[in-house]
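> Show me how the following folds:
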Amino acid sequence: MIRPAAFGYNAETAANNVFQSTTSLSQKEVQQMAVEEFDAFVATLRKKNIDVIVVQDTVKPVKPDAIFPNNWFCTLQDGTLAVFPMYAPNRRIEKRDDMLQTLVQEYNTRDVEDWSEYEAESMFLEGTGSMIIDHDHKLIYACISPRTNKVVLEKFAHAHGYRAITFNSTDEDGVEVYHTNVIMHLGDTYAIICMESIKDEMERIAVSQLLISTGHEIIPISFKQVRAYAGNMLQVKNAKGDKFTILSKKAHKSLTKEQKDILKIHSNLLPIDITTIETIGGGSVRCMMAEIFLEKK
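As a prediction, the model looks like this:
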């Protein structure tokens, strides 16, 4: 997780992120509130024995979205550390060699891959924002958008022996969903997904059948719940092996009692208050966490 140094509204990403909002607060006030929310988030995770590596963002250059590291890198269980091509030029500067070097020093890393060359061709794949990865079944679910290029996705999937499951997803106004992790979250035995965002019936059936056949109970969410970030969750394990599904308080509040009851059968719910970060940044808890699947040295 990246502790922000200059969190704020990013005009370069607002073009296709309908979740972002401007504010009358000063940059200093926004930054202070974001840091307070971030620190409380980390403290909550650590209280539950969930291991967190916190990296301090650098003040220069200014990186308003540095708090969302899951878009520029990810790790895989085969020992891969992958860096991705990013849509917004001012997000590309979030990529930090010092962070990658630290991970390589502390974890068994088989390979460091940099897919950034595709930025020159305006072809993007924004990490686990673009891809919902089922590591157990070697599947990658992704909705195609300006930030998720099908060619790059399929090359990445093929390179690691995964199969790419692609579909088209739009919001209630017919606008393309920019990141898959806005409308879909995959736990080990359940899947949260906004099925009504997948307009093509064959694509919808294919996705649902695959989820069911891989042992996932489907919990459908509405467009209204998507707006409350109910699709943007992450399931993690703590040091004791207990499973926690991390979600924002806004997302938790949007869920029905029935949805919460089903989720609680699969996982412990851990709601986090990140109102400022969600409102101005246009991302929620899942975007703030980049999982480490590498083995510690």
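> Pretty sure Arg286 sits against Met233.
Yes. The pair Arg286 / Met233 is scored as a contact, 5.8 Å apart, by Cβ atoms under 8 Å. No exception for glycine: its C-beta is placed from N, CA and C like everyone else's.
> Need the overlap of contacts for those two.
Shared contacts of Arg286 and Met233 (Cβ atoms under 8 Å, 6 or more residues apart in numbering): 185, 246.
> Identify the residues contacting Met202.
Met202 touches nothing, counting by Cβ under 8 Å, 6+ apart.
> which SSE is it in?
helix 201-213 (DSSP states H and E).
> how about the helices of this protein, start to end?
27-47, 89-92, 97-106, 127-130, 150-159, 201-213, 223-227, 249-254, 257-266, 275-281 (DSSP state H).
> How far away from the center of its chain is the fifth one?
Same thing as helix 150-159. Distance, stretch centre to chain centre, for helix 150-159: 18 Å (Cα atoms, centre = their mean, to the nearest Å).
> name the helices or strands packed onto it?
strand 139-143, strand 163-167 (3 or more Cβ pairs under 8 Å, 6 or more residues apart in numbering; DSSP states H and E).
> Now do the last one: everything it contacts.
The reference is to strand 163-167. 138-144, 150, 153-154, 157, 198, 200, 203-204, 206-207, 210.
> cool, and the first one?
Where contact means Cβ under 8 Å, 6+ apart, the residues beyond strand 139-143 that reach it are 130-134, 148, 153, 156-157, 162-169, 176-177, 180, 183-184, 186, 197-198, 207, 210, 214.
> low pLDDT regions in the protein?
9-25 (pLDDT under 70).
> The same query, at a cut-off of 50, please.
The model of the chain has pLDDT under 50 over residues 10, 12-17, 19-20.
> ok so, going back, any idea which of the helices of the chain is most buried?
helix 127-130 (a mean of 26; mean count of other Cβ atoms under 10 Å).
> Ok, which of the helices and strands packed on helix 150-159 comes nearest Gln105?
Closest to Gln105 of these is strand 139-143 (Cβ to Cβ; 28.2 Å).
> how much does the closest one deviate in direction from helix 201-213?
150 degrees (axes from the mean of the first three to the mean of the last three Cα atoms, to 10 degrees).
> Which neighbouring residues are in contact with Met123, exactly?
85, 149, 151-152.
> what's the distance between Ile132 and Thr109?
Ile132 sits 23 Å away from Thr109, going by Cβ to Cβ, to the nearest Å.
> Which one's more surrounded, the two?
Ile132 (23 against 17; other Cβ atoms under 10 Å).
> Beta-bridge partners for that one, please?
Tyr141 (DSSP bridges).
> switch to numbering from 34
Fine by me, first position is 34 from now on; the one you just mentioned is Ile165.
> need the contact list for it.
Ile165 neighbours (Cβ under 8 Å, 6+ apart): 173-175, 213-214, 217-219.
> Looking at those, spot the one nearest Val259.
Met217 (9.6 Å).
> who's in contact with the residue lying closest to Ser149 once chain neighbours are set aside?
Leaving out its chain neighbours, the residue that sits closest to Ser149 by Cβ to Cβ, 6 or more residues apart in numbering is Pro118, at 5.3 Å. Neighbouring residues of Pro118 by Cβ under 8 Å, 6+ apart: 148-152, 156-159, 182, 185.
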